[in-house]
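Participant: Would you be able to build a 3D model of this:
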Amino acid sequence: MATLFSKIKLYLEARGIDAIDEMGKYNLMVKNSGQVALGNRTSVIEKWDIDGVPQPTQEELDALESEADAAEALDKVHQNRKAEYPTIEELVVALYDTEDKAAVDEKRAAVKLKYPKS
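Facilitator: Prediction:
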């Protein structure tokens with residue numbers, strides 16, 4: 001299940017607005033219903049003050065669920081790849097040593113295979 005932030009981000013991007021730039025104009029809050037357990041937490045829009053953009057309805061947000069899920073999955077792939085890719089130091093060394101370059105290429109290929117984009 002996608003986060004509320006991911007859905008808000010897509011909602012605003014569809015209107016040509018960057019969600020990060022507007023962060024002070026909306027607030028999201030996590031509410032617990034009943035016991036504090038992962039399944040009982042829901043996020044809600046606490047404040048919405050973005051000029052010219054109406055607050056999204058629950059139906060509009062629900063319609064973005066699958067797109068937001070896909071975006072979050074791709075973000076996770078990028079995070080995993082970044083964590084395992086060669087370091088800047090390894091890349092610099094590889095510029096001057098063909099054996100190191102081959103090792104860097106192999107490492108990058110293995111990471112891409114381990115974390116495919118789709």
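Participant: what kind of secondary structure is Gly16 in?
Facilitator: The assignment at Gly16 comes out as coil when based on DSSP: H, G, I helix; E, B strand; the rest coil.
Participant: To what extent is it buried, counted in neighbours?
Facilitator: Applying other Cβ atoms under 10 Å, we find 7 residues neighbouring Gly16. Bear in mind the C-beta positions are built from the backbone N, C-alpha and C, glycine included.
Participant: quick one: contacts for it?
Facilitator: Listed by Cβ atoms under 8 Å, 6 or more residues apart in numbering, Gly16 has no contact partners.
Participant: Could I get the phi/psi values of it?
Facilitator: phi 70, psi 30 (degrees, to the nearest 10).
Participant: Tell me how far it lies from Phe5.
Facilitator: Between Gly16 and Phe5 the computed distance is 18 Å (Cβ to Cβ, to the nearest Å).
Participant: before we move on, what about Asp105?
Facilitator: According to Cβ to Cβ, Asp105 stands 36 Å off from Phe5.
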